[in-house]
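1. I'd like to go over a predicted model; first the sequence, then the structure.
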Amino acid sequence: MTDNAPSAQEVTLHNGVVMPTIAFGCAFGDWVGATEFQGFLPEQAWRAVSLALDNGYRAFDGARAYGTERIVGTLLGQRFASGELTREELFITTKLAHPAAPPHINISHRRTWDADKVDDIAQKVRDDMVDTLDDLGLGYVDLLLMHWPGGFGEHTSSDPDFPRKARAAIWRAFCGLADKGAARAIGVSNFTIAHLRQLMEDVPEPEYRPTVNQLEMHPYCRDPELESFCRDQGIVVTAYAPFASGAFGMLRDPVLATIAERHGKTPGQVVLRWHVQSGRTALPKTTKAVRMVENRDIYDFTLNNDEMQAIDALGDGQARRTCPDPSTVA
C-alpha cells in the first residue's frame with residue numbers, strides 16, 4: 001500500500017489505485033485576462049506536453065472539453081512506438097460532461113452539453129468516452145471525472161430535481177465504464193458538499209463512491225469545510241489552478257515570497273508544497289521547461305506549522321476564483 005502521508009509522491013485512492021500527487025495540466029488558453037479572452041488553445045499542447053514528457057512527467061490531466069486529447073494521444077503514441085514509454089508508466093485523467101459554454105466563448109458545442117438538451121444522458125456519456133479513448137489512442141484512462149455537477153444557467157426541464165437526477169444518470173454511466181475497465185477509477189470535479197451528499201445517496205454502493213473531487217484550490221481560494229468532508233469520506237482533493245492561473249498577482253504575494261526565500265525555493269514550489277502537505281494533489285501547468293522541473297522538485301523540504309498557517313490565512317474571507325463558483329450550480 002502506497003503511503004498517503006503528506007510528503008508522499010503518490011496517494012492511494014480508496015479503490016486501491018495509486019495516483020501521483022503532481023500531474024501536468026493539459027488545458028491551454030487564457031482565462032484570466034492577461035490577453036483578450038481566448039478560450040481553449042490546444043495548439044499550445046504540442047510543445048508543452050512534449051517538454052513535460054522530456055522532463056519526467058508521467059501523469060497528465062485532460063478533459064474532452066480542452067481539445068488536447070488527440071495531441072496528448074499522438075505524443076504518447078510516439079513514445080510508445082519508440083519504446084521510451086509503456087502504458088503502465090502513465091497516469092491519465094480525463095473529464096466528461098462539461099456543460100455548454102456561453103456562445104461568446106470559443107469552446108466546441110460538440111465537446112460540451114447540458115443534460116436537459118440530451119435525449120439519452122447515459123448514451124451521450126458512453127459515446128463521448130469512445131471519442132476520448134479514440135483521440136488518446138488508449139484502451140482505458142486511469143481516472144475519469146464528471147467535469148461539472150450541472151449547467152451554468154437555468155435548466156429547461158419542468159422537474160426541479162432534474163439536475164440531481166442528471167448527475168446520478170451520468171454517474172451510473174461512469175460506474176458502468178469503470179466496471180468494463182474503461183476507467184480504473186472514477187471521481188468528480190467542482191462538486192460541493194451538497195452535490196456529493198446527493199450523489200452518494202442516489203448511488204449508495206460504497207465501491208462507487210467518488211475517489212477524487214477536483215476543485216479550484218490555491219492560497220486565495222480555499223474551502224476547509226469541503227476538504228474536511230472529502231477527507232472524512234475518503235475522497236482525495238485535487239487542486240486545479242494551483243497557482244490561480246497566474247491571476248491576482250498571487251505568486252508575488254509577500255507571504256509566499258518570504259517563505260520561498262527562507263527555503264531557497266520559488267513561490268510556486270512553496271504553493272505546491274503547501275498543497276501536498278495539506279493532503280491534496282495538484283495540477284500545475286506551464287509551457288517553460290525550467291518551471292516544469294521546479295514544479296516536481298518539492299519533496300526535499302517541509303513547511304513548518306507557522307508557514308502552513310500563514311499560507312492558509314491568505315485564503316480567509318471571500319474566495320478569489322478564476323472559474324465559476326460551483327455553489328451556484330443547482
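-> Cool, the structure landed.
2. Which residue ranges of the stretch 201-330 of the chain form helices?
-> Residue ranges of the helices in the stretch 201-330 of the chain, as given by DSSP state H, counting those that start in this stretch, are 224-232, 254-263, 267-277, 289-296, 305-313.
3. State the distance from D223 to Q318.
-> Plainly put, D223 is 12 Å away from Q318 if you go by Cβ to Cβ, to the nearest Å. All C-beta spots, glycine's among them, are computed from the backbone N, C-alpha and C.
4. Neighbour count: these two, which is higher?
-> Between D223 and Q318, D223 has the larger neighbour count (other Cβ atoms under 10 Å), namely 19 against 8.
5. how far away is that one from V49?
-> D223 is 30 Å from V49, by Cβ to Cβ.
6. do the same with N55
-> From N55 across to V49, the span is 11 Å (Cβ to Cβ).
7. which residues touch stretch 257-276?
-> Taking contacts as Cβ atoms under 8 Å, 6 or more residues apart in numbering, the residues outside stretch 257-276 that touch it are 6-7, 21-22, 217-219, 239, 242-243, 250-253, 256, 281-282, 284, 291, 294-295, 297-299, 301-303, 307-308, 310-311.
8. oh sorry, the question was meant for stretch 280-289
-> Identification of contacts with stretch 280-289 by Cβ under 8 Å, 6+ apart yields 11, 19-28, 44, 47-48, 51, 54-55, 61, 214, 217, 227, 236-243, 268, 272, 275-276, 291-292, 295.
9. how about a cut-off of 6 Å?
-> Residues outside stretch 280-289 that contact it (Cβ atoms under 6 Å, 6 or more residues apart in numbering) are 21-23, 25, 48, 51, 55, 61, 237-240, 242, 272, 275, 292, 295.
10. avg pLDDT for that stretch?
-> For stretch 280-289, the mean per-residue pLDDT is 95.
11. Any chance you could give me that stretch in CSV, C-alpha atoms only?
-> The C-alpha trace of stretch 280-289 is given here as CSV (Å, rounded to 0.1, in the frame of the first residue of the first chain):
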residue,chain,number,x,y,z
ARG,A,280,-4.1,17.5,-1.7
THR,A,281,-2.8,16.5,-5.1
ALA,A,282,-2.2,19.3,-7.7
LEU,A,283,-2.1,20.1,-11.4
PRO,A,284,0.5,22.7,-12.2
LYS,A,285,0.7,23.8,-15.8
THR,A,286,3.4,25.7,-17.6
THR,A,287,5.0,25.9,-21.0
LYS,A,288,8.5,26.5,-19.6
ALA,A,289,10.9,23.6,-19.1
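12. For that stretch, list every residue counted as buried.
-> Neighbour-count burial for stretch 280-289, counted by 16 or more other Cβ atoms under 10 Å, picks out R280, T281, A282, L283, P284, K285, T286.
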